[in-house]
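In: When you get a sec, could you give me coordinates for this:
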Amino acid sequence: MANAASGMAVNDDCKLKFLDLKAKRTYRFIIYKIEEKLKQVVVEKLGEPTLGYEDFTASLPANECRYAVYDFDFVTEENCQKSKIFFIAWSPDTSRVRSKMLYASSKDRFKRELDGIQVELQATDPTEMGLDVIRGRAN
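Out: Here you go, the predicted model:
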């Protein structure tokens, strides 16, 4: 299962929880982290459906990289209720170089495991993933 390029495996729980978010809408968001010692991506935090975008951004560590998935609900100009699943690669400028490289090299393979992502965002500081950015990318 491990990817030769980065050597990271993806814990099955990552995919199962993503399917719950996508199909059953059990979660509003999922935050994933790379466990370097285990050499795999694991689920770090699950956000309840009642939580909002501020709860999500507050759950991301300020100085560490993470992958995250957010189920964004919005209303179109035609007044239709829609949702889009965002994949966010959070790589703050203040995080360790090794960590940034690890997350960058593992990202594409990890993202492929999550079937149903509609929008991808790369963010190095909170302004790059503000609610206005998410809204703009959703339409």
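In: From here on, just use CA atoms for contacts and neighbour counts.
Out: OK.
In: Tell me where the model's unsure across the protein.
Out: 1-7 (pLDDT under 70).
In: Tell me which stretches of it form helices.
Out: 12-19, 53-58, 97-113, 131-138 (DSSP state H).
In: Please enumerate residues in contact with the shortest one?
Out: It stands for helix 53-58. Here helix 53-58 makes contact (C-alpha atoms under 8 Å, 6 or more residues apart in numbering) with 29, 47, 70, 126, 131.
In: Which ones among the residues you listed map onto strands?
Out: 29, 47, 70 (DSSP state E).
In: tell me the contacts of the residue nearest to the spatial centre of the chain?
Out: The geometric centre of the chain, computed from its C-alpha atoms, lies nearest to residue 68 (C-alpha atoms, centre = their mean), at 1.5 Å. Each residue near residue 68 by C-alpha under 8 Å, 6+ apart is listed here: 29, 30, 31, 32, 87, 88, 89, 90.
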